[in-house]
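**Student:** What shape does this take:
(chains A, B, C and D)
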2 protein chains.
Amino acid sequence: MDAQPARTDDEAAFLATYDPRAFPAIALTVDVVVLTMREGRLNVLLVERAAPPFQGRWALPGGFVKAGEEGLDEAAARELAEETGLSAGALRRVHLEQLGSYGAPERDPRMHVVSVAYLAFAPDLPDPRAGGDAARAVWTPVAGPHGGGTGDRRLTGRELAFDHAAILADALDRARAKLEYTPLATAFLAPEFTIPELRTVYEEIWGEKLHPGNFHRKVLSVPGFVESTGETAERGGSRGGPRARVYRAGDARLLHPALLRPDREEGVR
Amino acid sequence: MDAQPARTDDEAAFLATYDPRAFPAIALTVDVVVLTMREGRLNVLLVERAAPPFQGRWALPGGFVKAGEEGLDEAAARELAEETGLSAGALRRVHLEQLGSYGAPERDPRMHVVSVAYLAFAPDLPDPRAGGDAARAVWTPVAGPHGGGTGDRRLTGRELAFDHAAILADALDRARAKLEYTPLATAFLAPEFTIPELRTVYEEIWGEKLHPGNFHRKVLSVPGFVESTGETAERGGSRGGPRARVYRAGDARLLHPALLRPDREEGVR
DNA sequence: CTGAGAAATACTCATCATGAGAACAACATC
DNA sequence: GATGTTGTTCTCATGATGAGTATTTCTCAG
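**Tutor:** Numbering: from 1, shown residues only, chains lettered A, B, ... in the order given. Got it, this is the predicted structure:
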């Protein structure tokens, strides 16, 4: 929604003499927290930095926004495509949203760099490819909210560059909240899935077991969450049990009523 | 991630020879959507631009981030203090949170300017003062979600500069959602308030009347939302009725269970 | 091939939260 | 004082939730 004004003569003259270099120098980057499920575990995409600062340290994939050429969403989508090697078609199945911006002056030792962080939910993706300034790129399992100890390696077991540990922690908080009132858990699955598969997504991201019967009832009772394909899974559960029915994502954008996390007396503090 | 090709393996030497001017030029601003309640109506702070572009047009208060000197939160707090004339003490009673970043390349005709938008909830504030690049600064009533027609003047009756109409719309969406699961409605009131006063905040921001009895029961039943002062209001309601009891904000950060908006079948679309 | 265990789905039941409405007393205004 | 409005408390019907059980169908070990 950019309202573009009718340019007055004054304004045209102003623009002609305008010197962008007169503005303070702040660099702008986009970093992406790409989450996917691999073998039933939540994974995040990390790259090993090939250049200083933090050379050799792991970091979130990202890069500079191309000035004057692209918006923030486009820059994030470009970074995502570059690191994952996904085609434009495959990207359409990925959920991408802005997480927030991080701009402490000292977060980058070189200069003042502000990073706009994005969060992506993707179905099981192929192995990533290192590109440009990344020596390697890997999927790394992420500990649940109750896992690990404390400190910088708490979530991934690796010490991350810049303030990327804080960004990742914020991303996981956002992801856990999003599962409550949106149907985005389906973004981690193939187009057709079973309710037990959907439940494992919730259990993995929330870090706790859910009641299978109540979860089943809830998913089917929320309008637009899933719709039946009429099919049945090829096999039963890995350790027995009947074949589950197959569903695909419905047309709901919000879950109503929401699917709230159990317990959680975190209201007060 | 924030990488520049390595010129040397020695990080210290690298930093010493680093040239910030080699980076693409993107300017970074902070804009603040300051919401307050005045005479029972939701108001937003707007400034009239004293300089091009959009000279004479109304806009959200904001300005450039001081490179290397301040983080984003500090810049937003500084802009808020400058435009409202609030002291550091009064600022402590204001809720300030990051809303999101807006970076379409053409949103500013001068050059690529990315704006980090913030959202502030404040109790009834004094008249603003114009400062710096603002010719005037005024509190402007905002139409509720069902009010007004369509188009750029829908929310405030004024056509806003840049993409500020979109930012304001996002801010109001965020505010409406925040009232559901946080106790932040109290940020619009004095330290001591009555439950009917709190209800008017919800009604004004959500744009619909609430059931007084049910609202009262709900507010008192959510742990940590409000705590009683034992006092009673000086006067009854403006058109009659008994004197209400006085409460202050409790220690909850989140409402559990949430105080959900009525109806709202907006899940599907 | 068979038995044991596990899992998908469908119930039941007690509890809690919600929406709607009524009751009643205290207050402002005329 | 009369009238109408409002704060607060109740009641009642309905819907959502958590916990547990039942039934059936499957995998896997032996």
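
**Student:** any bit of stretch A:155-175 sitting next to chain B?
**Tutor:** Yes. Using C-beta under 8 Å from any C-beta of the partner chain, a contact is recorded between stretch A:155-175 and chain B, made by A:161-162, A:164. Using the backbone N, CA and C atoms, a C-beta is placed for each residue, glycine as well.

**Student:** And stretch A:42-59, how far out from the chain middle?
**Tutor:** The chain centroid and the centroid of stretch A:42-59 are separated by 17 Å under C-alpha atoms, centre = their mean, to the nearest Å.

**Student:** Dump the C-alpha coordinates for it into CSV.
**Tutor:** What follows is stretch A:42-59, C-alpha atoms only, in CSV (Å, rounded to 0.1, in the frame of the first residue of the first chain):
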residue,chain,number,x,y,z
LEU,A,42,12.6,-30.8,14.4
ASN,A,43,15.6,-29.5,12.5
VAL,A,44,17.0,-26.0,11.7
LEU,A,45,19.2,-25.1,8.8
LEU,A,46,22.6,-23.8,9.8
VAL,A,47,25.6,-22.7,7.8
GLU,A,48,29.3,-22.6,8.7
ARG,A,49,30.7,-19.2,8.1
ALA,A,50,33.5,-19.2,5.5
ALA,A,51,34.7,-15.6,6.3
PRO,A,52,35.2,-13.3,9.3
PRO,A,53,33.7,-12.3,11.5
PHE,A,54,32.9,-15.5,13.4
GLN,A,55,34.7,-17.5,10.7
GLY,A,56,34.2,-21.2,11.3
ARG,A,57,31.3,-20.6,13.6
TRP,A,58,27.8,-21.8,12.8
ALA,A,59,25.1,-19.3,11.9
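
**Student:** and it, is it in reach of chain B?
**Tutor:** Yes. Stretch A:42-59 is in contact with chain B by C-beta under 8 Å from any C-beta, via A:47, A:49-53, A:55, A:59.

**Student:** avg pLDDT for stretch A:199-214?
**Tutor:** Mean pLDDT, computed over stretch A:199-214, is 97.

**Student:** what are the ranges of the helices in the stretch 1-150 of chain A?
**Tutor:** Remark: helices assigned in the stretch 1-150 of chain A by DSSP state H, counting those that start in this stretch are A:9-16, A:72-84, A:88-91.

**Student:** The stretch 151-269 of chain A too?
**Tutor:** Using DSSP H, counting those that start in this stretch, the helices of the stretch 151-269 of chain A run over A:164-181, A:195-206, A:212-221.

**Student:** Now the longest one: buried residues?
**Tutor:** Translated: helix A:164-181. Of the residues in helix A:164-181, A:164-165, A:167-168, A:170-172, A:175-176, A:178-179, A:181 count as buried by neighbour count, 16 or more other C-beta atoms under 10 Å in any protein chain shown.

**Student:** mean confidence for that helix?
**Tutor:** The pLDDT scores in helix A:164-181 average 98.

**Student:** could you give the angle of the single longest strand found in chain A to helix A:164-181?
**Tutor:** As assigned by DSSP state E, the longest strand anywhere in chain A is strand A:27-38. Here the directions of strand A:27-38 and helix A:164-181 differ by 60 degrees (axes from the mean of the first three to the mean of the last three C-alpha atoms, to 10 degrees).

**Student:** is chain B contacted by strand A:27-38?
**Tutor:** Yes. Counting by C-beta under 8 Å from any C-beta, chain B is contacted by strand A:27-38 at A:27-29, A:31.

**Student:** Same question for stretch A:225-241.
**Tutor:** No. Figure legend: stretch A:225-241 not in contact with chain B (C-beta under 8 Å from any C-beta); closest approach 8.9 Å.

**Student:** now that stretch: mean pLDDT?
**Tutor:** Average pLDDT, stretch A:225-241: 89.

**Student:** That one spans what distance, first to last residue?
**Tutor:** Using C-alpha to C-alpha, to the nearest Å, the span of stretch A:225-241 from its first residue to its last is 24 Å.

**Student:** Pull out the buried positions in it.
**Tutor:** Buried residues in stretch A:225-241 (16+ other C-beta under 10 Å): A:225-226, A:233.

**Student:** since we're on the residue lying closest to A:Ala50 once chain neighbours are set aside, how many residues are nearby?
**Tutor:** In this structure, A:Ala50 finds its nearest non-sequential neighbour in A:Ala135, 4.2 Å apart by C-beta to C-beta, 6 or more residues apart in numbering or on different chains. Number of residues near A:Ala135 (other C-beta atoms under 10 Å in any protein chain shown) recorded here: 13.
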